[in-house]
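Trainee: coords below, sequence missing:
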């Protein structure tokens, strides 16, 4: 279940329910606000598409927070020729997997495999990890 004030694609609830019985907080921000969060939380002076912040396990508390940059959603969706809802779903999946403890930078492909599983189940376009891997070739 997603705790969110903004309107969002309902597929996100389905993805969340598929991956966890827990709740996550979801926020949508513009590029400037995302840059401010990135600077404050990670010391990186640029915007990014998605950030996730796992929280300590506490009874009746969300598992973590996911922040999605709506400006980069629109730009990436236009660039790759798919809809903003699909791009939002990809970013949400990526962020949620991080909240759940996956880390594509240090694992042996488990996060990529889980993303691919979600993408196939929900009929989404290529994952973030696959796109990055393809661009590095």
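Mentor: That came in fine, so what should we check first? Note that the structure is a prediction, hence the values are computed from the model and not measured. Residues are numbered from 1 along each chain as shown.

Trainee: what about the strands in the chain?
Mentor: In the chain, the segments counted as strands under DSSP state E are 2-3, 24-29, 50-54, 64-69.

Trainee: quick one: which of these is nearest residue 39?
Mentor: The closest of these to residue 39 is strand 50-54. By C-beta to C-beta, the value is 11.3 Å. (Glycine included, C-beta is placed from N, CA and C.)

Trainee: now do that closest one: which elements does it pack against?
Mentor: When contacts are defined as 3 or more C-beta pairs under 8 Å, 6 or more residues apart in numbering; DSSP states H and E, strand 50-54 packs onto helix 31-42, strand 64-69, helix 84-99.

Trainee: which parts of it are buried?
Mentor: Buried residues in strand 50-54, defined by neighbour count with 16 or more other C-beta atoms under 10 Å: 50-53.

Trainee: what do you get for stretch 22-29?
Mentor: Of the residues in stretch 22-29, 22, 24-29 count as buried by neighbour count, 16+ other C-beta under 10 Å.

Trainee: list the residues that contact residue 67.
Mentor: Contacts for residue 67 (C-beta atoms under 8 Å, 6 or more residues apart in numbering) come out as 26-29, 34, 37, 50-53, 95.

Trainee: please report the distance of it from residue 110.
Mentor: Using C-beta to C-beta, to the nearest Å, residue 67 is found at 23 Å from residue 110.

Trainee: got it, and residue 38?
Mentor: For residue 38, the distance to residue 110 - C-beta to C-beta - is 25 Å.

Trainee: with neighbour numbers in mind, choose between these two.
Mentor: Remark: of residue 38 and residue 110, residue 38 carries more neighbours, 18 against 13, as counted by other C-beta atoms under 10 Å.

Trainee: any idea which helix or strand in the chain has the lowest mean pLDDT?
Mentor: Using mean pLDDT, DSSP states H and E, strand 2-3 stands out as the lowest-scoring helix or strand of the chain, at a mean of 52.
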